[in-house]
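Enquirer: need a 3D model of the sequence below.
(one chain, ligands or ions: 2)
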Amino acid sequence: MSNPILEIKDLQVYYHVEAGAVKAVDGISLSLDPGTKLGLVGESGSGKSTMALALMRMHKAPAKIEGGHMVLDGVDLMTLSGDEMRQARLRDLSMIPQGAMNSLHPLMRIQDQIIDGIRDHDPTLTKPELNERVTALLQSVELNPQVARMYPHELSGGMKQRCCLAIAISMHPKLIIADEPTSALDVVIQRQVMETLDRLQEELNLSIILIGHDMGLMAQFVDRLAVMYAGKLMEVGDTRSMFADPLHPYTDLLIQSLPILENKGVFTGIPGITPSLLDVPPGCVFHPRCPQMMDVCKEVVPAYRQVKPGRWAACHLHGVVQ
Ligand code: ATP
Ligand code: SF4
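Expert: Ligands and ions are numbered 1, 2, ... in the order given. As a prediction, this is how the structure comes out:
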């Protein structure tokens with residue numbers, strides 16, 4: 001067994017607002033093996049993007065990392081200086097942020113946007129060398145090299161998203177965090193972009209954290225799933241066995257809410273609303289919405305623990321390791 005490429009230990013990220021601390025990431029521990037894909041899922045507001053930004057150390061006030069460790073290939077990102085972290089971005093880990101295609105600079109040609117990041121890391125490269133790199137990167141994301149001279153407004157959504165992919169892989173990072181990379185695209189284009197990401201993952205032996213709500217997309221693309229709710233992990237395990245036998249009622253509801261043929265393509269959603277993270281329910285945070293709630297759930301916080309080999313959950317329905 002290889003060592004994990006990423007180990008997150010008891011990460012806590014709070015937004016300090018006038019009304020108190022919004023505990024958006026509340027004691028998350030996770031690990032990711034080299035060359036594997038982990039899906040981070042949960043409804044809107046569960047803390048997924050906050051965790052991604054914290055991993056990149058790109059979170060902004062009022063967000064603050066309160067505690068924990070984020071160890072990437074043996075290096076605790078928490079211990080790096082601002083300059084060291086800037087160097088680590090793109091080279092060791094990179095992010096395709098939510099709405100990435102709108103993050104491209106509207107007045108800069110694509111080539112200059114790609115070169116900007118590369119030059120920050122390697123100022124010795126000559127112009128012809130940089131142009132060669134841009135051509136190769138565009139080809140690797142299945143874009144015509146002529147796109148280099150174009151501006152974002154001349155490109156379709158899918159093409160812009162591919163440019164963001166090219167930037168993300170430009171320094172051969174070990175880890176890519178993709179925050180809903182295809183949510184703004186139509187289903188066909190979404191699939192094509194995901195297939196490109198999948199191919200690059202294999203070719204470059206990337207580790208990927210894919211963030212999203214779409215359990216259908218996750219089922220197709222990730223090896224393992226981490227289900228998040230109200231800043232905490234509810235369940236973690238390999239995708240296939242989680243779909244076949246979800247341990248946590250929230251995972252079960254997320255899967256059931258998928259528009260599948262058996263329920264005639266109807267998206268059912270999960271009844272109830274996510275709690276305010278300023279004032280989470282006592283006991284199990286999910287208890288007000290849980291169809292299997294028991295008395296104990298209203299008072300006692302369920303421990304997050306290993307329920308079966310490779311399967312972790314925080315739910316009173318499950319006892320200790322078998
Ligand atoms: P989505 O899927 O909609 O992107 P998410 O799971 O990524 O949601 P986050 O965006 O990380 O969730 O938000 C987690 C919590 O942090 C939410 O309750 C949100 O209201 C809160 N939050 C996010 N940004 C801020 C902010 N700048 N100030 C205060 N609270 C914030
Ligand atoms: Fe439901 Fe109780 Fe499990 Fe929470 S601990 S998910 S309320 S059964």
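
Enquirer: and the residue in the stretch 101-250 of the chain that ligand 2 sits nearest to, how far from residue 242?
Expert: With C-beta to the nearest ligand atom as the measure, the residue in the stretch 101-250 of the chain that lies nearest ligand 2 is residue 249; the distance is 4.6 Å. (C-beta placed from N, C-alpha, C; glycine too.) Between residue 249 and residue 242 the distance is 13 Å, computed by C-beta to C-beta, to the nearest Å.

Enquirer: show me which of the two is the more surrounded one.
Expert: For residue 249 and residue 242, the more surrounded residue by other C-beta atoms under 10 Å is residue 242, and the numbers stand at 27 against 23.

Enquirer: give me the element the closest residue to that one other than its chain neighbours is part of.
Expert: Nearest residue to residue 242, sequence neighbours excluded (C-beta to C-beta, 6 or more residues apart in numbering): residue 225, at 5.2 Å. Taking DSSP states H and E as the criterion, residue 225 maps to strand 224-229.

Enquirer: in that strand, which residues are buried?
Expert: Across strand 224-229, burial judged by 16 or more other C-beta atoms under 10 Å covers 224-229.

Enquirer: same deal with stretch 142-157?
Expert: By neighbour count with 16+ other C-beta under 10 Å, stretch 142-157 contains the buried residues 142-143, 147-148, 150, 152, 155, 157.

Enquirer: show the pLDDT at residue 85.
Expert: Reading off the confidence values, residue 85 has pLDDT 96.

Enquirer: output the helix or strand that it is a member of as CSV, nothing but the C-alphas.
Expert: Per DSSP H and E, residue 85 falls inside helix 82-91. Taking only C-alpha atoms (Å, rounded to 0.1, in the frame of the first residue of the first chain), the coordinates of helix 82-91 have been written out as CSV:
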residue,chain,number,x,y,z
GLY,A,82,2.8,32.7,2.1
ASP,A,83,5.5,32.6,-0.6
GLU,A,84,6.0,28.8,-0.2
MET,A,85,2.3,28.3,-0.6
ARG,A,86,2.2,30.4,-3.7
GLN,A,87,4.9,28.2,-5.2
ALA,A,88,3.0,25.1,-4.1
ARG,A,89,-0.1,26.2,-6.0
LEU,A,90,-0.1,24.9,-9.6
ARG,A,91,3.2,22.9,-8.9
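
Enquirer: phi first, then psi, for the residue of the stretch 1-150 of the chain at minimum distance from ligand 2.
Expert: Ligand 2 sits closest to residue 42 of the stretch 1-150 of the chain, with a gap of 13.6 Å, by C-beta to the nearest ligand atom. Per-residue torsions, residue 42: phi 160, psi 160 (degrees, to the nearest 10).
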